[in-house]
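K.L.:
Sequence and computational prediction follow.
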Amino acid sequence: MGRRALMLVLFAVALAGCSAGPVEKNDAVEQARSETVVEEAPAPEPPAEAEAPEEPEEPGADELLARLDLVEDYRAEFDHGPKGAEHQRYIVLHDTEGEGDPENVVSWWASSGNLVAAHFVVGKDGHIVQCVPLDRIAHHAGYGDTGHNGLFGIEEDGRDDMAGSVPIGSSYADYGMNAWSVGIELVHVGGSGDYPPEQLEALDGLIAYIDAYYGFESEITDHKAWRTGNSDTSPEFAGYLANYQDHRTHE
Ligand SMILES: [Zn+2]
């Protein structure tokens, strides 16, 4: 190769080098650009699901219990055996027919020795004492009118407080409500006047708690509906009982 030819070759190589450089550079720029583009316009996120308006959460049994002014004073002698949710059907309301506060009522039941008690006693100021757990039988409703077991849909199944359904006396053939219910006593004497709002509000809260505990609404009734001749609940309670039966609060 002569000197001139060599120069031409070198020139050509130089040109080729020059042309190679910018191409690589352009590729890099292009890549950078595309990266930049990716950064500037990220892939759209999947559309957020339309948020449902928040529904107020129903308070659970524990929260409803915590809202009550309730103390537990369980007495083994008042406990007459198991009564699970499958055996829960009624909430039976009573009056104590005395003015003693719930602690006094429970002490009096214990001292009487006849093993009678309701699950709850609600004082005039809204204070509540529970002396039998919800899943146990308490003897609070006693005998019913003849035929009332069937009328109230209460079946014989041999548990405690069903044995009396073998007639004890011709007037008191039925004896099964206790095995299918929760009993609540209100401190009140029939004819003594209205029930204080604190007591009625406590009863509202207690019924809400029992409903939440079982996960269904038990039928609300009173003792005199079970046994004709019983005085409780008193006539002053009639309007409240109708309200409870209609919508589960006293108002
Ligand atoms: Zn009663």
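P.N.:
Nice, thanks for sending it over.
K.L.:
quick one: the closest residue to Gly147 other than its chain neighbours and Glu185, what's the gap?
P.N.:
In this structure, Gly147 finds its nearest non-sequential neighbour in Asp174, 6.8 Å apart by Cβ to Cβ, 6 or more residues apart in numbering. Every residue, glycine included, has its C-beta placed from N, CA and C. For Asp174, the distance to Glu185 equals 21 Å [Cβ to Cβ, to the nearest Å].
K.L.:
The two: who's more crowded?
P.N.:
The residue with more neighbours, out of Asp174 and Glu185, is Glu185; 29 against 25, by other Cβ atoms under 10 Å.
K.L.:
surely the more buried one meets Val106?
P.N.:
No - when contacts are counted by Cβ atoms under 8 Å, Glu185 is not listed as touching Val106 (9.6 Å).
K.L.:
which residues are common contacts for those two?
P.N.:
Here Glu185 and Val106 have Val121 as joint contacts, going by Cβ atoms under 8 Å, 6 or more residues apart in numbering.
K.L.:
what's downstream of the lowest-mean-pLDDT helix or strand in the chain, the next helix or strand?
P.N.:
In the chain, the helix or strand scored least confidently by mean pLDDT, DSSP states H and E is helix 3-40, which has a mean of 44. Heading C-terminal from helix 3-40, the first helix or strand you meet, by DSSP states H and E, is helix 61-67.
K.L.:
Which secondary structure elements does that following helix sit against?
P.N.:
Secondary-structure packing of helix 61-67 (3 or more Cβ pairs under 8 Å, 6 or more residues apart in numbering; DSSP states H and E): helix 197-214.
K.L.:
Tell me the helices and strands packed up against the helix it packs on.
P.N.:
Applying 3+ Cβ pairs under 8 Å, 6+ apart, one finds that helix 197-214 makes contact with helix 61-67, strand 90-95, strand 120-122, strand 181-186, helix 238-247.
K.L.:
how about the ones you listed in a markdown table, adding distance to the ion?
P.N.:
Shown next, in a markdown table, are the helices and strands packed on helix 197-214 (distance: least, Cβ to the ion, whole Å):
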| stretch | distance to the ion |
| --- | --- |
| helix 61-67 | 24 |
| strand 90-95 | 3 |
| strand 120-122 | 12 |
| strand 181-186 | 7 |
| helix 238-247 | 13 |
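K.L.:
Just say which of those is most tucked in.
P.N.:
strand 120-122 (a mean of 28; mean count of other Cβ atoms under 10 Å).
K.L.:
For that one, what is the distance to the chain centroid?
P.N.:
From the chain centre to the centre of strand 120-122 is a distance of 19 Å (Cα atoms, centre = their mean, to the nearest Å).
K.L.:
average pLDDT for it?
P.N.:
For strand 120-122, mean pLDDT is 98.
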